[in-house]
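1. quick one, fold the following:
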Amino acid sequence: MTSLHHYPLRSGTAMLAALVLAVLLGACASSRGPDGPPRNPPAGVASTPNAVPRIEPIRVGGPNKPYAYSGRTYRPLTDDEPLTQSGLGTWYGKAYHGRPTASGEIYDMYAMTAAHPTMPIPSYARVSNPATGRSVIVRVNDRGPFERGTVIDLSYAAAARLGILRGATPVKVERLTFDMIRSGSWKAD
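-> Prediction:
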């Protein structure tokens, strides 16, 4: 790929090009509309059942290959490794509803799913809210979040059930390994 740095531009031309690029990127970002909750969420969304873990092969490549976002490189796990993290949990809603996820599946904000920057896709995880003692089981099928300190981005339904719809909330995330799924030990907690 050829870098623009090899072609000197007049400062006015460079400034105009940067301005046009900024306007185009801003238009793309705003075409999604603001994210947030649905206008009329279905009754009982906070009672949505957990995802039911099953062993799904971890694909090589695709959503599990290394990628870069906002100047940072991420290297997704490609083996059935345990992963436990603590940090902030957030959620995403109507701006992404009906759009493809990193797995190629369509995002459904009413399903028990999540986005994680490095868990293999697909994966299952237990996400717990230490302040309330609530926990949910989600299927990881997307990439994100990309804010420092934020460890998982939940669907609207998962966030409602976990009680974190008001904003970024401390959570604990544990990836469910194939052994945990086979043995059913994930149910014990």
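2. and the helix or strand that residue 180 is a member of, how far out from the chain middle?
-> In the assignment (DSSP states H and E), residue 180 maps to helix 178-183. Distance of helix 178-183 from the chain centroid (CA atoms, centre = their mean, to the nearest Å) equals 23 Å.
3. next helix or strand past the helix or strand bottoming out on mean pLDDT in the chain?
-> In the chain, no helix or strand scores lower on mean pLDDT, DSSP states H and E than helix 11-30, which sits at a mean of 37. Using DSSP H and E, the helix or strand that follows helix 11-30 in sequence is strand 67-69.
4. can you list contacts of that following strand?
-> 73, 74, 76, 143, 146 (CB atoms under 8 Å, 6 or more residues apart in numbering). Placement of C-beta: from N, CA and C, glycine included.
5. try 7 Å
-> Strand 67-69 is contacted by residues 74, 146 when judged by CB atoms under 7 Å, 6 or more residues apart in numbering.
6. and the next helix or strand past that strand?
-> strand 72-74.
7. pLDDT on that next one, on average?
-> Averaging pLDDT along strand 72-74 gives 95.
8. right, and the helix or strand after it?
-> strand 84-92.
9. for that next one, which strands pair with it and how are they oriented?
-> strand 150-155 (parallel), strand 169-176 (antiparallel) (DSSP bridges).
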